[in-house]
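Engineer: how does the following fold in three dimensions:
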Amino acid sequence: MTAFSRVFSATLLIGSCNLFGAGLSLPAALEILENNNLEIKTAALDLQSAQRDTSIAKGYNFGSLDLTQNFVRSNDAGNVFGFKLSSREANFGDFSADEFMANFMAGSPDYTTPPKRLNYPGYQNYYQSKLTYMLPIFTGGKLSAYGDIAEKMEQIKKLDSDHMKTEKRYELRKSYYDMALLQHSIDQMNTIHKNISTLERTTQMMLQEGYAKKVDLLEVEAKKANVERSLTEMEANKKLLYHYLSFLLNENVTEIELPASDYPASLISEEDVLSNNTDLKKAHEGLEIRDRMVDLAYAPFLPQIGAFAEASSADDTFLGNFNDHKAYTVGAKLSWNLFNGAVDKNALEKARIEKLKTTTEVELAKKGIALQYDKIRTEIDSLNSQVKSLEKELELSDTIYKNYEGRYHEHLASMSDVIIKQSQQIEKVLNLQMVKNQRNERIFALEKLSNGVK
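Structural biologist: Numbers count the residues shown, from 1 in each chain. Model (predicted):
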């Protein structure tokens with residue numbers, strides 16, 4: 001499937017979801033994310049730029065072919081004579097042979113008087129067409145090292161692009177599960193609100209019959225207002241989540257299909273993390289770059305050899321007598337720096353030291369990632385225990401509230417006691433949501449650490 005087809009199908013999917021009232025599912029959102037997210041697109045463009053850098057670095061191996069076209073007019077003696085030689089049009093007259101022969105025939109040859117025609121020539125036009133091809137034959141490994149380094153940099157950019165996709169997928173999935181948690185809490189708070197409304201009506205009836213006090217009704221109304229305030233905050237958070245989802249997908253999202261569970265399970269092992277972690281992969285690529293930089297630092301100790309070939313034609317008119325005046329030149333050049341004050345030696349030692357340093361940093365990064373894995377796993381286990389405990393506490397709090405509500409109807413408990421128990425119930429709901437959110441965040445952080453492996 002082409003990129004256009006994926007975007008088109010994703011757009012149709014959003015349209016159909018809005019048309020039939022069905023929410024946007026997480027798998028569909030993930031596909032839209034990969035095609036529409038602006039940060040992912042920017043990372044992809046960075047990768048394309050790095051690919052061009054690789055092509056540039058490798059292109060130097062093929063040398064260069066240059067076309068030079070000269071258009072010159074001069075009366076400089078050296079230029080004029082050189083132009084004529086280059087265009088194969090020089091003759092004895094250019095040496096003022098006629099002056100010499102006239103003196104010679106007159107019996108008075110003159111060897112000291114400067115020849116006027118040679119020293120004071122007239123203006124000469126010069127049109128030269130020249131093709132020059134230069135090829136590096138041996139550069140001490142410089143060109144191959146530059147090409148390898150460019151390839152490694154390209155690979156790092158690819159890892160950055162993959163990491164950006166993982167990061168945005170992490171944010172999208174977390175937003176979906178945050179929405180599921182939030183909706184679950186809203187449902188629970190609506191149930192509590194419904195119970196308070198029932199209690200409010202009951203208290204009003206008991207107040208009319210003289211079995212309750214005005215303060216009892218005020219306490220119920222205050223608690224109802226408190227629950228409504230919490231629901232308003234939750235609905236506002238829900239809108240903010242939709243705004244953030246729209247930003248991630250670069251599309252207007254008004255409704256989503258909630259995950260079946262608000263608890264994303266994860267079976268990621270430490271081996272998965274160490275094998276797939278982006279930072280570790282980049283560190284290994286960086287180590288290979290350092291290795292090639294050692295080769296690059298060694299190149300100045302070796303000779304540099306290049307070859308060139310040149311074909312040209314010249315005339316006093318543009319492209320005149322092109323075939324008759326053509327000329328060829330081929331050659332090679334060797335240069336070898338034998339001494340430069342130990343600069344190359346120290347540069348090589350520095351490159352080797354930097355490689356050792358990078359090797360140590362890679363090992364340190366590996367241990368650091370393993371430490372992060374252990375830390376996140378420990379936090380997940382701790383949060384799982386807290387969730388189980390809070391779920392039990394919430395179940396108990398619900399039971400206690402119902403018990404106190406019944407006792408109030410039987411005049412065995414005050415309205416203040418009922419409100420206190422309901423406040424504890426609400427507190428458990430909010431605490432449970434917070435801890436579940438923290439647990440899910442840690443699970444997604446573990447997935448991000450393994451570059452999206454689940």
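Engineer: let me see the ranges of the strands in this protein.
Structural biologist: 64-74, 124-138, 304-315, 326-335 (DSSP state E).
Engineer: show me what the third one pairs with in its sheet, parallel or antiparallel.
Structural biologist: Using DSSP bridges, the strands paired with strand 304-315 are strand 124-138 (antiparallel), strand 326-335 (antiparallel).
Engineer: between it and strand 64-74, how many degrees?
Structural biologist: Angle, strand 304-315 to strand 64-74, by axes from the mean of the first three to the mean of the last three C-alpha atoms, to 10 degrees: 40 degrees.
Engineer: with the shortest one instead?
Structural biologist: Comparing the axes of strand 326-335 and strand 64-74 via the same axes, to 10 degrees yields an angle of 120 degrees.
Engineer: how far out from the middle of the chain is strand 326-335?
Structural biologist: Centroid separation for strand 326-335 versus its chain: 46 Å, with C-alpha atoms, centre = their mean, to the nearest Å.
Engineer: could you do the second one as well?
Structural biologist: Shown here is strand 124-138, whose average C-alpha point lies 43 Å from the average C-alpha point of the whole chain (C-alpha atoms, centre = their mean).
Engineer: buried residues, that strand. List them.
Structural biologist: Neighbour counts over strand 124-138 (16 or more other C-beta atoms under 10 Å) mark Q124, Y126, Y127, Q128, S129, K130, P136 as buried. Glycine gets a C-beta too; all of them are placed from N, C-alpha and C.
Engineer: now do it, average pLDDT.
Structural biologist: Across strand 124-138, pLDDT averages out at 93.
Engineer: L287: what's it in contact with?
Structural biologist: L287 makes contacts with K355, T358, T359, V362, as judged by C-beta atoms under 8 Å, 6 or more residues apart in numbering.
Engineer: now it: how far from E151?
Structural biologist: 14 Å (C-beta to C-beta, to the nearest Å).
Engineer: how about T68?
Structural biologist: The spacing between T68 and E151, counted by C-beta to C-beta, is 34 Å.
Engineer: out of those two, which sits in the more crowded spot?
Structural biologist: Ranked by neighbour count (other C-beta atoms under 10 Å), T68 and E151 place E151 first, with 20 against 11.
Engineer: quick revisit: any idea which of the contacts of L287 is the one closest to A29?
Structural biologist: Nearest to A29 among those: V362, at 36.0 Å, using C-beta to C-beta.
Engineer: against Q51, how distant is the closest residue to that closest one other than its chain neighbours?
Structural biologist: Spatially, and ignoring its direct neighbours in sequence, V362 is nearest to A283 (4.5 Å; C-beta to C-beta, 6 or more residues apart in numbering). To Q51, A283 is 22 Å away according to C-beta to C-beta.
Engineer: tell me, how many residues neighbour M164?
Structural biologist: Residues near M164, counting by other C-beta under 10 Å, number 20.
Engineer: just list the residues touching the residue nearest to it when sequence neighbours are not counted, thanks.
Structural biologist: Spatial nearest neighbour of M164, excluding adjacent residues (C-beta to C-beta, 6+ apart): A43 at 4.0 Å. With contact set as C-beta under 8 Å, 6+ apart, A43 has these partners: D160, S161, M164, K165.
Engineer: apply 6 Å and report the result again.
Structural biologist: Applying C-beta atoms under 6 Å, 6 or more residues apart in numbering, we find A43 in contact with D160, S161, M164.
Engineer: now these as CSV including distance to L296 and pLDDT?
Structural biologist: Output for those, formatted as CSV (distance: C-beta to C-beta, whole Å; pLDDT from 0 to 100):
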residue, distance to L296, pLDDT
D160, 24, 94
S161, 26, 94
M164, 30, 94
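Engineer: ok, so of those, who is nearest E209?
Structural biologist: Nearest member of the contacts of A43 to E209, counting by C-beta to C-beta, is M164, at 66.9 Å.
Engineer: can you check the pLDDT for N36?
Structural biologist: Looking at N36, the pLDDT reads 95.
Engineer: still on that earlier bit, just give me the neighbour total for the residue nearest to V362.
Structural biologist: A283: 20 neighbours (other C-beta under 10 Å).
Engineer: cool, and M205?
Structural biologist: Applying other C-beta under 10 Å, I find that M205 has 11 neighbouring residues.
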